[in-house]
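Asker: what's the 3D shape of this:
(one chain, ligands or ions: 1)
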Amino acid sequence: MNSSKLLLIVEDDPGLQKQLKWSLDQYEIILASNRIEAVTALRRHMPNVITLDLGLPPDPTNASEGLATLKEILELAPHTKVIVVTGNDDRSNAIEAVAQGAYDFYQKPIDSDVLNMIISRAFNLQALEHDFRNLQQQQIFTGDIIATSPQMLTVMRMVERIAPTQATVLLLGESGTGKELLAKAIHARSPRANMPFVAVNCAAIPETLLESELFGYEKGAFTGAVTQTKGKIEYAEGGTFFLDEIGDLPIALQAKLLRFIQERIIERLGGRKEIPVDVRIICATHRNLQNLIDQNLFRADLYYRLSEISIEIPPLREREGDIIAIGNALLKRYCEHNQCKEKRFAPEAAQALENYAWPGNIRELENKLKRAVILSDNYLITTDDLEISEQTENSMPLNLKTVRDAAEVSAIKRALHYSDYNISETSRLLGVTRPTLYSLLEKHDLQDLIRHQLDQV
Ligand SMILES: Nc1ncnc2c1ncn2[C@@H]1O[C@H](COP(=O)(O)OP(=O)(O)OP(=O)(O)O)[C@@H](O)[C@H]1O
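Answerer: Sure thing, here's the model as predicted:
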């Protein structure tokens with residue numbers, strides 16, 4: 001069905017159903033007679049516009065069932081335009097419905113010209129809003145990288161600045177945070193973009209093979225070396241060489257890599273010739289290199305060479321707003337890929353996505369969404385489809401007062417810290433007067449913090 005022309009009519013009177021169907025014949029009509037049928041039809045077809053009779057069974061003389069149906073519809077599909085239809089002496093319930101989020105109301109008896117006009121305007125507005133949301137969505141794409149959070153926008157600005165340079169870059173971040181994607185983004189924005197991008201994962205190749213994989217070998221270098229073979233570094237000539245999981249590079253190979261980085265020269269296994277190579281190097285790891293250095297598992301001199309510029313990629317759970325932004329974009333991508341109708345997250349599923357800690361970061365999000373798109377046959381992806389049950393302390397409240405209070409407390413604590421607990425400086429940083437700062441400290445019960453700190457000064 002063409003969802004742009006789909007109209008759900010929720011009406012319990014069979015005579016009126018017939019009349020409406022007849023007078024609204026330019027739309028594809030779905031009929032429902034009660035709340036359960038309406039919600040089922042909504043989940044299945046996701047119409048853009050709904051007309052909803054407020055007097056529904058079991059008590060058609062009362063608007064309570066109609067208002068409850070409206071509430072459920074708007075929870076499931078907040079962008080749907082609902083036009084409530086009431087008896088001609090029931091203006092107060094109609095206004096109550098609009099206050100709850102209905103798009104408009106219409107009083108019986110039905111004048112099909114007027115109703116047609118209201119419905120047509122609702123469809124137009126719905127389409128405009130839909131296009132606007134799509135535009136907003138597009139603005140957050142930077143190639144394949146989706147980022148809206150301040151944390152990732154800082155990372156992206158850094159990527160833009162360092163990409164055109166020759167600097168060696170070290171990308172640090174948990175597994176699945178997008179290190180390889182960022183390495184490719186740096187390459188794509190560099191003057192080397194038209195040359196090869198070659199990646200080697202140190203953790204995925206057995207130690208005995210890694211050296212020949214990186215540096216290549218001459219014929220006869222070892223049993224089985226029947227032809228001269230170039231290493232991956234040589235294949236990256238003119239382009240970018242990405243060494244993933246550098247923390248897993250065996251210590252014996254670290255010296256050879258260091259020489260290559262310092263002199264940009266390699267020697268194939270079993271060879272004597274020094275081969276100059278022009279590559280830019282980007283490395284990545286999820287491991288704490290400083291700890292490895294302390295345990296003598298990683299060379300400090302190599303670390304300093306690799307980290308001319310290092311970029312910390314924050315885990316997904318710390319990126320404000322990115323989970324839903326990436327989730328929505330991936331959902332759209334997978335629906336297109338599977339050639340299924342566009343799907344959306346049910347509100348409780350969106351909340352569950354935000355609350356989950358994502359230990360596997362974006363890769364885990366990708367896997368859960370791929371699975372949900374394939375297995376769910378509804379328009380709405382539910383929490384069950386996502387297989388997310390665990391609630392974590394990462395739960396982000398939605399209540400604006402709670403969110404504002406938390407933001408105020410965090411800003412005050414940071415400003416106090418930056419200013420060494422100097423009240424004038426803290427007020428200046430926060431852009432408030434001293435008396436306002438004192439009342440904020442009182443409001444959030446933070447006076448002890450400042451007394452305690454002042455005692456220590
Ligand atoms: N910001 C993002 N927007 C969209 N997709 C992303 C983003 N970050 C990562 N991805 C996707 O998530 C997946 C994992 O990313 P990637 O392989 O770059 O992570 P990684 O940190 O290198 O992982 P690992 O440490 O396990 O190698 C990829 O499919 C990548 O395209």
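
Asker: quick one, what contacts the residue of the stretch 1-150 of the chain found nearest the ligand?
Answerer: Nearest to the ligand, among the residues of the stretch 1-150 of the chain, is residue 146, at 3.8 Å (C-beta to the nearest ligand atom). All C-beta atoms are positioned from the backbone trio N, CA, C, and that covers glycine. Residue 146 makes contacts with 140, 322, 325, 326, 329, as judged by C-beta atoms under 8 Å, 6 or more residues apart in numbering.

Asker: Which pLDDT does the model give the second one?
Answerer: Residue 322 is assigned a pLDDT of 89 by the prediction.

Asker: sorry, back to before: top of the contacts of residue 146 by number of neighbours, please.
Answerer: The most crowded member of these, judged by other C-beta atoms under 10 Å, is residue 326 (25 neighbours).

Asker: Let me know the secondary structure of that residue.
Answerer: helix (DSSP: H, G, I helix; E, B strand; the rest coil).

Asker: What does the pLDDT read for it?
Answerer: In this model, residue 326 carries a pLDDT of 92.

Asker: And for it, nearest residue in space, chain neighbours not counted?
Answerer: residue 146 (4.8 Å; C-beta to C-beta, 6 or more residues apart in numbering).

Asker: Pairing partners for the one you found in the sheet, please.
Answerer: residue 141 (DSSP bridges).

Asker: element containing the closest residue to the ligand within the stretch 251-400 of the chain?
Answerer: Closest approach between the stretch 251-400 of the chain and the ligand, counting by C-beta to the nearest ligand atom: residue 362, at 3.7 Å. Assessed by DSSP states H and E, residue 362 sits inside helix 361-375.

Asker: and that helix, what does it pack onto?
Answerer: helix 322-337, strand 380-381, helix 383-386 (3 or more C-beta pairs under 8 Å, 6 or more residues apart in numbering; DSSP states H and E).

Asker: Show me what it is in contact with.
Answerer: With C-beta under 8 Å, 6+ apart, helix 361-375 has contacts from 174-178, 315-316, 323, 326-327, 330-331, 334-335, 338, 340, 343, 353, 358, 360, 381, 385-388.

Asker: quick one: average confidence on that helix?
Answerer: What helix 361-375 shows for mean pLDDT is 94.

Asker: Look up phi and psi at the residue of the chain at minimum distance from the ligand.
Answerer: As assessed by C-beta to the nearest ligand atom, the ligand sits closest to residue 178 within the chain, at 2.7 Å. Main-chain dihedrals, residue 178, degrees, to the nearest 10: phi 110, psi 30.

Asker: How many neighbouring residues does it have?
Answerer: By other C-beta under 10 Å, neighbour count at residue 178 equals 24.

Asker: swap in residue 263?
Answerer: 11.

Asker: how close does it get to residue 275?
Answerer: Distance of residue 263 to residue 275, given as C-beta to C-beta, to the nearest Å: 11 Å.

Asker: same question, residue 315
Answerer: Distance from residue 315 to residue 275, by C-beta to C-beta: 39 Å.

Asker: what's the answer for residue 109, then?
Answerer: Residue 109 is 89 Å from residue 275, by C-beta to C-beta.

Asker: Same drill for these two, tell me which one is more crowded.
Answerer: residue 275 (17 against 8).

Asker: tell me the phi and psi of the spatially closest residue to that one that is not a sequence neighbour?
Answerer: Distances taken as C-beta to C-beta, 6+ apart put residue 266 closest to residue 275, at 5.3 Å, once the chain neighbours are dropped. Backbone torsions for residue 266, taken as degrees, to the nearest 10, come to phi -120, psi 160.

Asker: What is the neighbour count of the closest residue in space to residue 312 that isn't next to it in sequence?
Answerer: Leaving aside its sequence neighbours, residue 312 sits nearest to residue 172 (C-beta to C-beta, 6+ apart; 5.1 Å). Burial of residue 172 is recorded as 19 neighbouring residues (other C-beta under 10 Å).
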